[in-house]
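Chemist: starting from these lines, generate the structure:
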Amino acid sequence: MKRNIETRARAKALRRAMTPPEIKLWNILRAGRLGTKFVKQMVMAPYIADFAAREHRLVIELDGDSHAGRESYDAARTAFIESQGFRVIHFTNSEILNNAEGVTTAILIALGKGEA
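Modeler: Predicted coordinates for the structure are as follows:
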């Protein structure tokens, strides 16, 4: 139980200290702008998903510079999230900052609201 409390506290801190790419993506996702509700830093103990649309069972992960050298951890997190019945899509910080329109289209397709 203690670990879950720590994970929840970490998620709360991450919500307050978002990176510029996270802020840009959140501005695309927030307030139902894509026709569904997203939450940020959703606890899926022992992991934290960057963004999630619970209704559509979709998790969006941002892979920034801090993910370099953590490929096995990221793979384990993705496998765990998928084992909980969620689909996971990944974007790099560069994609968010330089191709927000393409990212938005990919998310709409993943939600079943766009053309593949």
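Chemist: so what secondary structure elements neighbour the lowest-mean-pLDDT helix or strand in the chain?
Modeler: Within the chain, no helix or strand scores below helix 2-16, which has a mean of 78 by mean pLDDT, DSSP states H and E. On a contact count with 3 or more Cβ pairs under 8 Å, 6 or more residues apart in numbering; DSSP states H and E, helix 2-16 meets strand 39-44, strand 47-53. To be clear about C-beta, it is placed using only N, CA and C from the backbone, and glycine gets the same treatment.
Chemist: that helix to strand 39-44, inter-axis angle?
Modeler: Here helix 2-16 runs at 170 degrees with respect to strand 39-44, directions being taken by axes from the mean of the first three to the mean of the last three Cα atoms, to 10 degrees.
Chemist: hey, C-alpha coordinates of the helix or strand following helix 2-16 in CSV?
Modeler: For helix 2-16, the following helix or strand on the C-terminal side (DSSP states H and E) is helix 20-29. Output in CSV follows, covering the C-alpha atoms of helix 20-29 (Å, rounded to 0.1, in the frame of the first residue of the first chain):
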residue,chain,number,x,y,z
PRO,A,20,6.9,21.9,-22.6
PRO,A,21,6.0,18.9,-24.9
GLU,A,22,3.6,17.6,-22.2
ILE,A,23,2.0,21.1,-22.0
LYS,A,24,1.6,21.3,-25.7
LEU,A,25,0.0,17.8,-25.9
TRP,A,26,-2.2,18.5,-22.9
ASN,A,27,-3.5,21.6,-24.7
ILE,A,28,-4.5,19.4,-27.6
LEU,A,29,-6.2,16.7,-25.3
